[in-house]
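*Asks:* here are the coordinates; sequence isn't available:
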């Protein structure tokens with residue numbers, strides 16, 4: 001069983017940047033796709049980005065061009081660099097371990113972290 005712990009969230013002004021980290025423990029995750037999602041109050045969980053074990057990357061439309069996903073399999077870490085942040089990016093951000101199915105669907109993921117809150121002020 002893999003456990004995931006996100007960190008790096010916080011308060012940032014519009015136009016600023018943050019880097020989120022996701023630490024994986026338990027069994028190795030290096031063979032799996034990993035994803036980042038976000039969820040704002042009253043909204044559904046939304047796909048942000050995913051990365052394969054070989055670091056092929058996939059991005060959702062909402063933050064495409066403003067985020068970069070990366071992983072370090074040796075350190076069991078996944079990262080999300082977020083740039084040019086907007087107030088509408090305010091949400092809880094989750095990392096997740098992919099099981100099978102469409103990378104953009106939350107139900108395709110089997111393990112989730114507790115989330116880290118990102119607040120972007122105008």
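*Replies:* Looks like it came in fine. Only a predicted model underlies this, so the values are computations on that prediction, with no experimental measurement involved. Residues are numbered from 1 along each chain as shown.

*Asks:* what does stretch 72-79 rub up against?
*Replies:* For stretch 72-79, contacts defined as Cβ atoms under 8 Å, 6 or more residues apart in numbering pick out 19-25, 28-30, 34, 36, 51, 53, 69-71, 95. Every residue, glycine included, has its C-beta placed from N, CA and C.

*Asks:* Need the buried ones from those selected in PyMOL.
*Replies:* The PyMOL selection below is limited to those of the contacts of stretch 72-79 classed as buried (16 or more other Cβ atoms under 10 Å):
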select buried, resi 20+21+22+24+29+34+36+51+69+71+95
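
*Asks:* In strands only, show me the contacts of stretch 72-79.
*Replies:* 19-25, 34, 36, 51, 69-71, 95 (DSSP state E).

*Asks:* Flag whichever of those scores worst on pLDDT.
*Replies:* By pLDDT, residue 25 ranks lowest within the ones in strands among the contacts of stretch 72-79, coming in at 89.

*Asks:* what residues are up against that residue?
*Replies:* Contacts for residue 25 (Cβ under 8 Å, 6+ apart) come out as 2-3, 5, 76.

*Asks:* can you map out the strands along this protein?
*Replies:* Applying DSSP E to the chain gives strands spanning 2-7, 10-13, 18-26, 34-39, 46-51, 57-59, 67-72, 77-82, 91-98, 109-112, 116-121.

*Asks:* Quick check: mean pLDDT of the last one?
*Replies:* The one in question is strand 116-121. pLDDT averaged over strand 116-121 gives 98.

*Asks:* Sheet-wise, list the partners of that strand with their directions.
*Replies:* Here strand 116-121 is paired, per DSSP bridges, with strand 10-13 (parallel), strand 91-98 (antiparallel).

*Asks:* Would you mind getting the angle between that strand and strand 2-7?
*Replies:* Here the directions of strand 116-121 and strand 2-7 differ by 20 degrees (axes from the mean of the first three to the mean of the last three Cα atoms, to 10 degrees).
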